[in-house]
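Trainee: Show me how the following folds:
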Amino acid sequence: MWKLYDALLERVDTDDRIEYVRAGVSWVLVRTDSGALGVASVLAGRSGRPLEPAAYAGMPVREAARLVKSWDFERAALGAAAINAILNRPERFADCGEPDAFLRYRDMARGRRVAVVGRFQYLEQRLRHICDLSVLERAPIAGEYPDMACEYILPGMDMVFITGCTVGNKTLPRLLRLAKDAYTVVTGPSTPMTEALFGFGADALCGFCATDEGACLRAVADEQGLFDGGRMVVLERSERP
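Mentor: Got it, this is the predicted structure:
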């Protein structure tokens, strides 16, 4: 089950150390001593002592990244942010056109069976009226399925969108296996932008590059939205096996 995470950690090939960590209700931000920035979303489910950001200053990024395996989701978010500081560097990604996954793949979704794991803003307007849409969410509201329904719903889909938050809660490997017959997109700011995920069933990645440190700090402090602090980028697998 850890193979996907080990593949991510193998790609954190750096001697960078953490300069600082900032943690808020929704986001964790990591800055390295080379100036790289990485973010990841914080999920409910702290199981240990409260995160002490100052304790991580000076830690090798490779060591911090291993926290992605933690079952304390705040520490797992720190690990994911450390991974993203290395893999989601903006200089790695040229402009690739529309970066919003639900707009980029809207025509592909038209008339098909589509599942979305996670609740996304504007999802209803973009997909609901053009496809047979199933939304799975940890705390479902009217019209959504509980995420446990993934075992029954995902194998029958033509397309599946999966939130990058599933890296932190450890459900991504299983979700990718369940969606193996669908065109599968991992999307959202927590998504690690590496071709390694293609080996586990992803067909496309839509993730976030942090470029404006001040804006990201304000987002962590819940003073503004995260997307003001960077840009979404895309990686696509050219061929399916």
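
Trainee: Based on its surroundings, how many neighbours for Arg174?
Mentor: 15 (other CB atoms under 10 Å). In this view, the C-beta of every residue, glycine as well, is placed from N, C-alpha and C.

Trainee: so what's it closest to, chain neighbours aside?
Mentor: Cys150 (7.7 Å; CB to CB, 6 or more residues apart in numbering).

Trainee: Confirm for me that the one you found is in contact with Arg177.
Mentor: No - applying CB atoms under 8 Å as the test, Cys150 and Arg177 come out as separate, 10.4 Å apart.

Trainee: same for the helix or strand of the chain with the lowest mean pLDDT, what does it pack against?
Mentor: Sorting the helices and strands of the chain by mean pLDDT, DSSP states H and E puts helix 123-127 at the bottom, at a mean of 85. Identification of packing neighbours for helix 123-127 by 3 or more CB pairs under 8 Å, 6 or more residues apart in numbering; DSSP states H and E yields helix 101-104, helix 106-109, strand 113-117.

Trainee: related to what we said a few turns ago, which one's more surrounded, Cys150 and Arg177?
Mentor: Cys150 (21 against 12).

Trainee: State the phi and psi torsions of the more buried one.
Mentor: phi -60, psi -30 (degrees, to the nearest 10).

Trainee: can you tell me how far it sits from Met1?
Mentor: Cys150 is 16 Å from Met1, where distance means CB to CB, to the nearest Å.

Trainee: Let me see the domain layout of the protein.
Mentor: 3-89, 101-211+228-236 (automatic domain parsing).

Trainee: The longest one: how far from the chain's middle?
Mentor: Pointing back at domain 101-211+228-236 there. 10 Å (CA atoms, centre = their mean, to the nearest Å).

Trainee: Provide a list of residues in contact with the residue lying closest to Leu154 once chain neighbours are set aside.
Mentor: Once flanking residues are discounted, Leu154 sits nearest to Leu178: 3.9 Å by CB to CB, 6+ apart. By CB atoms under 8 Å, 6 or more residues apart in numbering, Leu178 lies in contact with Cys150, Glu151, Leu154, Pro155.

Trainee: No further queries at this time; thank you.
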